[in-house]
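# coords please:
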Amino acid sequence: MIRFITIFLFLLAFNTSASPKQVDYISICYHDVKDVWDDNPMTVTTEQLIKQLSWLKGHHYHPISIQDVLDAKAGIKPLPSKAVLLTFDDGYQNFYRRIYPILKEFNYPAVFALVTSWMETADNKLVHYGDDLKPRKDFLSWDQVREMMASGLIEIASHSNNLHRGIQGNPQGNKLPAATTRQYFPDKKRYETDQEFHQRISSDLKQSATTIFLHTGKRPRVIVWPYGAYSQEIMAIAKKHGMSLSVTLESGLNNLDGPVIQRYLVIDNPPLSDFVYDLNHLGKPEPIRVSHVDLDYIYDDDPEQIQRNLSKLLDRIKALKINTVYLQAYSDPDGDGNADALYFPNRHLPVRADLFNRIAWQLQTRARVNVYAWLPVLSFKSDLPDNWWVHEWKDGQAIRSQNNYQRLSPFHPQARQFITEIYEDLAKYSHFRGLLFHDDAFLTDFEDANPAAVKILNGLSPNQQLQLKIKTLTGFTLDLADTVRFYRPSIKTARNLYANIIMNPQSTEWFAQSYTDFLQHYDYVALMAMPFMENAERPHQWFSHLVDRVSGAGLLALQKTVFELQTVDWRNQRKVRDSVLARQMNLLQQKNALNFGYYPDDFLTDSPSLFMLKELMTLEIFPFGT
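Now for the predicted structure:
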């Protein structure tokens, strides 16, 4: 259980983001505190806690209460400068024995989060701590809780009643956070319905709030989500039960308008120097290193072969020590870029195998990477009416587009709804950290002649039509991201961009894609830096020129652009030599273009070679490095 908690918390803390415009306060998360460290990553020593609080005091940080946060939100009283919210999760007995006396000495307020089912366990019974069992005496008593609350320093928050555990979240048996997972019932071969899920979460939170009220006379105003796993869906349920503030474990800085309270997780009993470094670097992103993986390489008719393939992939990604995997969520066995089927339960397309959530979860927990779900925006093969699809003008007639990408029109409302429901199902049944929008989100200068598009585009000048196409494509992907964020609020977004858009600005008209637009609207631009795909006569010179173009677009462009290198020359289906990829990766780093990856990763044949990739892609994190 400790391993499950540690890895899941690592993933949440790992997903850092750029600093918000205004920083109102930071928040720090602790768990257990002991006099001697027991190698439990969720434990710090009493000595280190005192050193850390002393450092905060000496550097003029001002610990605040939940009431301070609420008053500041309401405009009653602003927060002090360098405000910090201290929180302690799980309700260990050491909250009373060690933490509370220290807080009284400093006169610092704090939030204590309690799992009420553990608190309600009889003294002679064992607490079901996830999949483990712990003695009831390891946790607080209600008498101790009431005494601490009476001091005015301690705010009691709900940590749920019984959601601090993993439940089966896919047919393969993975245990995922109970609060954000549709449970899979193997005996019934089905997932929990929306109604069943909502009822389970609502009943749990209601019971937790009621239990705290019965024992303390106060209802909790704060929900601290177990493992930091949350969604807009369950936050709305928590608010119905009086918990208006949601606390997670995403590492970042907080402003008063933020939907959740992000926290820096104190882990592995860090020395004071590491603690200080971490606080000073909250919200600062690290370089992105990507392996772009086809799930079609993992799939096999034989489930045992799938497991062998998965093991090879996990071993490879773990050895690489990168931080990101773009993982295919659709099936495209003929390689035409159109989704023939999907790898997750959904309402509209065949399910080749319910695999995406399984693979994504294994990558995230075992290889400790952020997984982006890679999915088409428009190209879903389905028997839909002809007027739902992108059309083109040919000889003055509107015909269905003859492009290899058979795309649904982003102007057609029913087509948009069809695609939106696919993305919603992806988010509902899968855990992942980002979205990669496929390169199929384009419209040529002869498209879209779909009847729904003609109504909007007719009468506009060519430039107005181009700008509306760009706006429509981008707006639709942002709508899809918002749909996903209802279930996975912390996702990042990336969108594939053709290199020709940067190399030849006129090509914006040919694709209805704009680099400036991408930089403005997505967390990352996944630039297809693929000279062989572009038939470049001098591939390395072309590549170098592309990097210079991005660099010339400014620091933001370098920070947000992920260079995707090609590992296969699709003109002749030959592997690109390691020496060529190494030269490209070296050039990127020399030019301070630190975000890059490669596609595809043929982990089954070690192509590109792990030996080469480890040397040039590994992200070893040294806290005091440059």
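# what sits against the closest residue to Asp35 other than its chain neighbours?
Distances taken as CB to CB, 6 or more residues apart in numbering place Thr46 nearest to Asp35, at 5.2 Å, with adjacent residues excluded. Using the backbone N, CA and C atoms, a C-beta is placed for each residue, glycine as well. Counting by CB atoms under 8 Å, 6 or more residues apart in numbering, Thr46 touches Val33, Lys34, Asp35, Arg98, Ile102.
# PyMOL command to pick out the buried ones of those?
With 16 or more other CB atoms under 10 Å as the criterion, this PyMOL line picks the buried residues out of the contacts of Thr46:
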select buried, resi 33+34+98
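# now render the contacts of Thr46 as a markdown table, adding distance to Asn255.
Below are these laid out as a markdown table (distance: CB to CB, whole Å):
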| residue | distance to Asn255 |
| --- | --- |
| Val33 | 29 |
| Lys34 | 34 |
| Asp35 | 37 |
| Arg98 | 32 |
| Ile102 | 29 |
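# from the contacts of Thr46, which ones fall inside helices?
The helices in this structure, assigned by DSSP state H, contain Ile102 from the contacts of Thr46.
# what is the nearest of the contacts of Thr46 to His62?
Closest approach between the contacts of Thr46 and His62, by CB to CB: Ile102, at 17.1 Å.
# any idea how far the closest one lies from Thr46?
For Ile102, the distance to Thr46 equals 7 Å [CB to CB, to the nearest Å].
# equivalent analysis for Asn450, please.
Counting by CB to CB, the gap from Asn450 to Thr46 is 67 Å.
# where does the residue nearest to Asp35 land on pLDDT?
Looking at Thr46, its pLDDT reads 97.
# same check, this time on Asp294
pLDDT, Asp294: 96.
# for the residue nearest the centre of the chain, which residues are in contact?
The chain has Arg433 as the residue nearest its centroid, 2.1 Å off, counting by CA atoms, centre = their mean. Arg433 makes contacts with Leu11, Asn15, Gln364, Asn370, Val371, Tyr372, Arg488, Ser490, Ile491, Lys492, as judged by CB under 8 Å, 6+ apart.
# nearest spatial neighbour of it, chain-adjacent residues omitted?
Distances taken as CB to CB, 6+ apart put Asn370 closest to Arg433, at 4.0 Å, once the chain neighbours are dropped.
# buried set for stretch 272-286?
Neighbour-count burial for stretch 272-286, counted by 16+ other CB under 10 Å, picks out Phe275, Val276, Asp278, Leu279, Leu282, Gly283, Pro285.
# no wait, stretch 284-301
285, 287-299.
# closest one to Asp383 out of these, please.
Closest to Asp383, out of all of those and judged by CB to CB, is Asp296, at 22.3 Å.
# over to that closest one: give its phi and psi.
Main-chain dihedrals, Asp296, degrees, to the nearest 10: phi -60, psi -30.
# can I assume Asp340 is in contact with Gln328?
No - using CB atoms under 8 Å, Asp340 makes no contact with Gln328, being 11.9 Å away.
# so those two - more neighbours on which side?
Between Asp340 and Gln328, counted using other CB atoms under 10 Å, Gln328 has the larger neighbour count: 24 against 17.
# please name the nearest non-neighbouring residue to that one.
Here the residue nearest Gln328, using CB to CB, 6+ apart, is Leu295, at 4.2 Å.
# you'd agree the one you found is up against Ser331?
Yes - contact status for Leu295 versus Ser331: in contact at 7.4 Å, counting by CB under 8 Å.
# so what's Lys381 up against?
Contact partners of Lys381, counting by CB under 8 Å, 6+ apart, are Asn338, Ala339, Asp340, Leu349, Gln406.
# state the distance from the fourth one to Ile66.
Plainly put, Leu349 is 46 Å away from Ile66 if you go by CB to CB.
# the nearest residue to Val23 once chain neighbours are set aside: how many residues sit nearby?
Excluding the flanking residues, the one nearest Val23 by CB to CB, 6+ apart is Leu253, at 4.6 Å. Neighbourhood size, Leu253 [other CB under 10 Å]: 21.
# surely Leu253 touches Gly283?
Yes - using CB under 8 Å, Leu253 is in contact with Gly283, at 4.6 Å.
# tell me the mean pLDDT for stretch 346-365?
Rounded mean pLDDT across stretch 346-365 is 97.
# on that earlier part again, the residue nearest to Asp35 and Phe518, how far apart?
In terms of CB to CB, Thr46 sits 50 Å off from Phe518.
# and Ala329, by the same measure?
Look at Ala329 and Phe518: by CB to CB, they are 21 Å apart.
# between those two, who's got more neighbours?
Under the neighbour definition other CB under 10 Å, Ala329 and Phe518 were set side by side, and Ala329 has more, 29 against 25.
# what mean pLDDT does stretch 162-176 get?
96.
# all strands of the stretch 401-550 of the chain, in order?
In the stretch 401-550 of the chain, the strands defined using DSSP state E, counting those that start in this stretch lie at 434-437, 492-498, 524-528.
# can you check which of those gets nearest to Pro462?
In terms of CB to CB, the element of the strands of the stretch 401-550 of the chain nearest to Pro462 is strand 492-498, at 20.1 Å.
# okay, buried residues for that closest one please.
Neighbour-count burial for strand 492-498, counted by 16+ other CB under 10 Å, picks out Lys492, Thr493, Ala494, Arg495, Asn496, Leu497, Tyr498.
# and stretch 362-371, by the same measure?
Those would be Gln362, Leu363, Gln364, Thr365, Ala367, Arg368, Val369, Asn370, Val371, for stretch 362-371 by 16+ other CB under 10 Å.
# one more: stretch 47-54?
For stretch 47-54, the neighbour count (16+ other CB under 10 Å) marks Gln48, Leu49, Gln52, Leu53 as buried.
# now those in a markdown table, with distance to Ile154 and secondary structure?
Listed next are the buried residues of stretch 47-54 as a markdown table, based on distance: CB to CB, whole Å; DSSP: H, G, I helix; E, B strand; the rest coil:
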| residue | distance to Ile154 | secondary structure |
| --- | --- | --- |
| Gln48 | 21 | helix |
| Leu49 | 16 | helix |
| Gln52 | 19 | helix |
| Leu53 | 15 | helix |
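# what is in contact with Leu295 and Ser331 at once?
Tyr343.
# ok so, going back, which one of the buried residues of stretch 47-54 sits closest to Leu460?
Nearest to Leu460 among these, with distances taken as CB to CB, is Gln52, at 60.3 Å.
# touching, the closest one and Asp278? I think so.
No - using CB under 8 Å, Gln52 is not in contact with Asp278; the gap is 10.5 Å.
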